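> Quick one: sequence and predicted model below, then my questions.
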Amino acid sequence: MERLCDVRAVQLVITCGPCDRRGVYRIDGLRRRFGDNASVLDVYLQLTQTCRYQREVGSRQPNVYGVGCRAKLDTTGAATKGGLPSRT
């Protein structure tokens, strides 16, 4: 699953343990917002950028006592039949 057009679920769920945030996004809405061929990683970074524990890519890891963003992606809903073909 690299692009939004490869996702065959109804919803994308992002949960982050340290900040107790949870977001549920419909795939068709994400396709309209970011485009059908948007990278799932780019969408993830856009949706989690307001997490107070998010760090810039390439920055130092926190020490053992530091807290970092641990947002996880998951999908819900049955696979959709009318998915779009991937361009990759």
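Arrived safely, thanks for sending. Residues are numbered from 1 along each chain as shown.
> Name the nearest residue to Lys72, sequence neighbours excluded.
Using CB to CB, 6 or more residues apart in numbering and skipping the chain neighbours, the partner closest in space to Lys72 is Thr15 (5.6 Å). C-beta here means a position set from N, CA and C on the backbone, and glycine is covered the same way.
> what about the one you found, neighbour count?
Applying other CB atoms under 10 Å, we find 15 residues neighbouring Thr15.
> helices or strands next to the helix-or-strand element of the chain with minimal mean pLDDT in the packing?
Using mean pLDDT, DSSP states H and E, the weakest-scoring helix or strand in the chain turns out to be strand 72-76, at a mean of 75. Packing contacts for strand 72-76, counted by 3 or more CB pairs under 8 Å, 6 or more residues apart in numbering; DSSP states H and E, involve strand 11-16.
> Contacts for the strand it packs on next, please.
21-27, 30, 43-44, 47-48, 51, 53, 69-77 (CB atoms under 8 Å, 6 or more residues apart in numbering).
> what's the next secondary structure element after that strand?
As assigned by DSSP states H and E, the chain's next helix or strand after strand 11-16 is strand 21-26.
> what helices or strands is that next one leaning on?
strand 11-16.
> The strand it packs on pairs with which strands, and in what direction?
Strand 11-16 has the following sheet partners, assigned by DSSP bridges: strand 21-26 (antiparallel), strand 72-76 (antiparallel).
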